[in-house]
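**Student:** coords please:
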Amino acid sequence: MRAPAVRRAEPDDADALGTVHVTAWRAAYPGLMPQAYLDGLDAGHRAERWRETLSVPPRDTRTVRLVAEIDGEVVGFAVAGPAGGDEAADVGEVYTLNVAPEAWGSGAGRALLAAAQEHLAAQGFAEAVVWVHPGNARSRSFYEQQGWGADGGTRRDEVFDVEIDEVRYRRTLPPPEAYGTS
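**Tutor:** Numbers count the residues shown, from 1 in each chain. This next block holds a predicted model:
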């Protein structure tokens, strides 16, 4: 298996993104989200939502939609841009990052997160946040290993029609020149 490659998402990725989305959530959230909801997730429906999303530019030009591929197959995705809520103007956010369970441990998540952080830094953001389900130990450990830390922020949010609790993770972003690609 080759190392993951990260690139911008395209409308033709929609079917793969729908599948990754559903398989990742079904593997990551049993016991954390209602099982009936997880069982009812439909890859075709998610793919259609991705197709609609990817067919138009993001509302904010500082937002990026990324996919990770291994051997030409899409195995993960991330979306990042300006932080919402009461965050300062120089704070970006990783809105979502999901990797297909069969690609867990492949480096795809690390590659997506690094690319999202690099993008946010290049857009002038000094810090970034990401919201994580408090019971998702795998995700929390992943972010902590990548230099993120829980900052005490919590919220109750609606994610695809389900209300969940979330904790906020934060990190300072290295300046764009630290990535060696700017």
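**Student:** Nearest residue to the middle of this protein?
**Tutor:** Leu97 (1.8 Å; C-alpha atoms, centre = their mean).
**Student:** wouldn't that residue be in contact with Leu112 here?
**Tutor:** Yes - the criterion here is C-beta atoms under 8 Å, and Leu97 meets it with Leu112 at 5.6 Å. Quick note: C-beta positions are derived from backbone N, CA and C, even for glycine.
**Student:** tell me, what's touching those two both at once?
**Tutor:** Gly76, Phe77, Ala78 (C-beta atoms under 8 Å, 6 or more residues apart in numbering).
**Student:** From Arg171, how far out is Leu113?
**Tutor:** For Leu113, the distance to Arg171 (C-beta to C-beta, to the nearest Å) stands at 10 Å.
**Student:** So for the two, which sits in the more crowded spot?
**Tutor:** The neighbour comparison of Leu113 against Arg171 (other C-beta atoms under 10 Å) goes to Leu113, with 26 against 18.
**Student:** The more buried one against Ala78, yeah?
**Tutor:** Yes - counting by C-beta under 8 Å, Ala78 is a contact partner of Leu113 at 6.8 Å.
**Student:** intersection of neighbour lists for those two?
**Tutor:** Shared contacts of Leu113 and Ala78 (C-beta under 8 Å, 6+ apart): Val94, Leu97.
**Student:** hmm, back to that, now do the shared contacts for Leu113 and Arg171.
**Tutor:** The contact lists of Leu113 and Arg171 share Gln146, where a contact means C-beta under 8 Å, 6+ apart.
**Student:** List the buried residues of stretch 43-59.
**Tutor:** Applying a neighbour-count criterion of 16 or more other C-beta atoms under 10 Å, one finds Ala43, Arg46, Ala47, Trp50, Arg51, Leu54 buried in stretch 43-59.
**Student:** got a list of contacts for it?
**Tutor:** Residues contacting stretch 43-59 (C-beta under 8 Å, 6+ apart): 9-11, 13-15, 17-19, 21-23, 64-65, 81.
**Student:** rerun at 10 Å
**Tutor:** Contacts to stretch 43-59, defined as C-beta atoms under 10 Å, 6 or more residues apart in numbering, come from residues 8-23, 25, 42, 63-65, 77, 79, 81, 160.
**Student:** End to end on stretch 156-169, go ahead and measure it.
**Tutor:** 15 Å (C-alpha to C-alpha, to the nearest Å).
**Student:** Okay, Trp25 and Leu41: tell me how far apart.
**Tutor:** 6 Å.
**Student:** what do you get for Phe77?
**Tutor:** 15 Å.
**Student:** Between those two, point out the one with more neighbours.
**Tutor:** Phe77 (25 against 17).
**Student:** Give the closest residue to the more buried one in space, chain neighbours not counted.
**Tutor:** Distances taken as C-beta to C-beta, 6 or more residues apart in numbering put Val67 closest to Phe77, at 5.1 Å, once the chain neighbours are dropped.
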